[in-house]
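Chemist: could you work out the structure for the sequence below:
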Amino acid sequence: MSLNYSNIFPADRTATITTALENTFGNAVISEATLLTGGLSAASVYKIVADNRPYVMKLDIPHAYTSADPFEKIARASAAGIAPPLHYKNEEAGIIISEFVENKPIRSIFSGETLAVKLAEAVKKIHTIPYAVPGGDLQETIDHLLAGFHHNNILSGPVPDECLKQYEKIKTSYPWHDTDKVFSHNDLNPSNILCDGKVVWIIDWDTAFVNDRYLDLASVANFFIYSPDQEAAFLKTYFSEVNDYHISRFYVMRQISRIIYAVMMLQLAAQAKPADYAHDQQMEGVFLKDVGPLLGSGALSLATYEGQFMYGKALMNEAVQQMCTGRFEDALVLLRHRN
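Modeler: Numbers count the residues shown, from 1 in each chain. The predicted model follows:
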């Protein structure tokens, strides 16, 4: 050990952190300890370099969990080979140390149908992890989000109105109470999907619990699957034998996922402004095909109000466009008939 931790880690955690590092690395030289994230949530994440090899240390609230313990979830995901290898876990101290992944943007490594296959394999691996703790009811969660969105009046007009109208159709058609549930990550956005050049790794398991398998599939697809050929490869890899019900339910869930992320982005953006702030209500011309490249190039950031608000608008526009198609209506009919 060679660093003075007093200026790096919280003072009341230094002793348990020192013990964790000693138990994990022995007499290895700790040359770096850098805060990667922290401040807004209960957990802080650090990059630790021991004998010139990087690791990740996550500090969570000690003694904070009973059921749905994130320490148990990450241990199971690591054992399944989908979360980075785990080196230390102490629930009482609230400390996890795992392998650091030198991330290469997955789109720079894989493309087209190969990317679709790799992502479907990753989702399938998540869904085979044995776990029994359920989360909140998905329909109730969405209803709560939409109620908050409506109450705060962040965005109004024809597009939000149409979005809510179309969602009412989904509510009466989607098989919310299907008992075929799996261990789901529930937040498979690009920042939680890492690639070391060969292997796909999934991080940030705090919101994982038993849920509808189509939520993870839809979340991944909305960020990475753009063509019919990609969609076909994605579903074929996951289901092996694909039928019209799989395709229809997947398509409807893609719109549900867009609504969820749109509302969350808009709510997050609103938190950055005073309650009486006059948000720009213009929806015309704000589409994913335009906003996506801006986010990818760094010209627009999801860490800013502007990025969050524009992305929320684009997601809602996309959901409404898709929900006003014949394919969407046909999918709802099939789901209603099947149910």
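Chemist: for stretch 188-195, buried residues please.
Modeler: Residues Leu188, Ile193, Leu194, Cys195 are the ones in stretch 188-195 that count as buried (16 or more other C-beta atoms under 10 Å). The way it works is simple: take the backbone N, C-alpha and C, and place the C-beta from them, glycine included.
Chemist: Arg107 against Thr114, yeah?
Modeler: No. Applying C-beta atoms under 8 Å, one finds Arg107 not in contact with Thr114, separated by 10.9 Å.
Chemist: mind checking pLDDT for the closest residue to Asp178 other than its chain neighbours?
Modeler: Setting aside the residues directly before and after it, Asp178 is nearest to Asp212 in space (C-beta to C-beta, 6 or more residues apart in numbering), at 7.0 Å. At Asp212, the pLDDT value in this model is 96.
Chemist: for Asp212, give the beta-bridge partners.
Modeler: For Asp212, the beta-bridge partners under DSSP bridges are Lys181.
Chemist: neighbours of it, how many?
Modeler: Residues within reach of Asp212, counting by other C-beta atoms under 10 Å, total 23.
Chemist: Lys198 now?
Modeler: Other residues near Lys198 come to 9 when the count uses other C-beta under 10 Å.
Chemist: what ranges does the stretch 1-150 of the chain have for its helices?
Modeler: 14-25, 70-79, 106-109, 112-127, 138-152 (DSSP state H, counting those that start in this stretch).
Chemist: got the angle between the longest helix seen in the chain and helix 138-152?
Modeler: Counting residues, the longest helix found in the chain (DSSP state H) is helix 244-270. Angle, helix 244-270 to helix 138-152, by axes from the mean of the first three to the mean of the last three C-alpha atoms, to 10 degrees: 30 degrees.
Chemist: for the closest residue to Ile259 other than its chain neighbours, what are its contacts?
Modeler: Among residues not flanking Ile259 along the chain, Ala319 sits closest, at 5.3 Å (C-beta to C-beta, 6+ apart). Counting by C-beta atoms under 8 Å, 6 or more residues apart in numbering, Ala319 makes contact with Cys163, Gln166, Gln255, Arg258, Ile259, Ala262.
Chemist: hang on, the third one packs against Phe328?
Modeler: Right, Gln255. Yes. In this structure Gln255 lies within contact range of Phe328 using C-beta under 8 Å: 7.0 Å.
Chemist: identify the contacts common to those two.
Modeler: With C-beta under 8 Å, 6+ apart as the test, Gln255 and Phe328 both reach Gln166, Gln322.
Chemist: what does the one helix or strand in the chain whose mean pLDDT sits lowest contact?
Modeler: Every helix and strand in the chain was compared by mean pLDDT, DSSP states H and E; the lowest is helix 288-297, with a mean of 84. For helix 288-297, contacts defined as C-beta under 8 Å, 6+ apart pick out Leu300, Ser301, Leu302, Gly307, Met310, Tyr311, Lys313, Ala314, Leu315, Asn317, Glu318.
Chemist: pretty sure the last one contacts Ile259?
Modeler: Spelled out, it's Glu318. No. Taking contacts as C-beta under 8 Å, Glu318 lies outside contact range of Ile259: 10.0 Å.
Chemist: those two - which one has more neighbours?
Modeler: Between Glu318 and Ile259, counting by other C-beta under 10 Å, Ile259 is the more crowded of the two (25 against 22).
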